[in-house]
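Trainee: What follows is a protein structure lacking sequence information:
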């Protein structure tokens, strides 16, 4: 079964709006990471949050982690057309490998 | 090299043929991963190499799939007697050390495999 499950599966918003994507997982983790994928090619790392952290920022990205609820959220503020991509969360449940969710397909409409 | 390099970028093969997919990780990275992604789906873990340790093959879907990593660098994923359900993007990634230490992994652009 998937360790990380993102929701929504698809999200379409207007340029300039904020986009929020959520990720839930089932077992304890050391770290949770968010990745971005353009057009079905390689993934690019966005941000890593450790299990003892609750919030982290990087530019227009804000990630939160709630270990009691086993969930994380990724917020992209002031979205741009170039943010259109699929976003995946990944957890290191088994320490040696990252387990990815199904992803959220984000579309930013100009 | 500057990044993870995968070849071929695209491969169309006939059902029943064998295919080999190659991954050249970032120089100095000891960990190497193979994932598979079907159209519109998430990433499915296949296999993980870390240094000289025995690889974690727990994600390989059948005995038609195998992978090796020679000299701790280049890796080859081999699919024997390909089936149509093997059609997917095969993504390779590498990292400096194991994930448990909080490392990120760096992906190649993937190899698109189509079995006809």
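Mentor: Sure, I can see it. A quick note: this is a predicted structure, and the numbers were derived from the prediction, not measured. Residues are numbered from 1 along each chain as shown, chains lettered A, B, ... in the order given.
Trainee: From here on, just use CA atoms for contacts and neighbour counts.
Mentor: OK.
Trainee: For stretch A:88-106, list every residue counted as buried.
Mentor: Using 16 or more other Cα atoms under 10 Å in any protein chain shown as the test for burial, stretch A:88-106 gives A:88-93, A:95-106.
Trainee: Give me the subset of these that lies in strands.
Mentor: The strands, defined by DSSP state E, take in A:88, A:89, A:90, A:91, A:99, A:100, A:104, A:105, A:106 from the buried residues of stretch A:88-106.
Trainee: of all these, which comes closest to chain B?
Mentor: If you rank these by distance to chain B using Cα to the nearest Cα, residue A:100 comes first, at 5.7 Å.
Trainee: Surely that closest one touches residue B:41?
Mentor: No - in this structure, residue A:100 is not within contact of residue B:41 by Cα atoms under 8 Å, at 10.2 Å.
Trainee: element containing residue B:44, please.
Mentor: Using DSSP states H and E, the element containing residue B:44 is strand B:43-50.
Trainee: can you tell me the average pLDDT over the helix or strand that that strand is followed by?
Mentor: Counting by DSSP H and E, the element after strand B:43-50 in chain order, helix or strand, is strand B:65-69. The pLDDT scores in strand B:65-69 average 96.
Trainee: Ok, stretch A:97-110 next?
Mentor: Across stretch A:97-110, pLDDT averages out at 89.
Trainee: do stretch A:62-77 as well
Mentor: Looking at stretch A:62-77 alone, the average pLDDT works out to 96.
Trainee: follow-up on the earlier one: could you restrict the buried residues of stretch A:88-106 to the ones contacting chain B?
Mentor: For chain B, the contacts drawn from the buried residues of stretch A:88-106 by Cα under 8 Å from any Cα of the partner chain are A:88, A:92, A:95, A:96, A:97, A:98, A:99, A:100, A:101, A:102, A:103.
Trainee: Go through those and name the one nearest residue B:115.
Mentor: Distances from residue B:115 to those, taken as Cα to Cα, are shortest for residue A:102 (23.1 Å).
Trainee: who's in contact with stretch B:49-69?
Mentor: Outside stretch B:49-69, the residues within contact range by Cα atoms under 8 Å, 6 or more residues apart in numbering or on different chains are B:30-33, B:44-48, B:72, B:75-82, B:97-98.
Trainee: mind checking the end-to-end distance for it?
Mentor: 8 Å (Cα to Cα, to the nearest Å).
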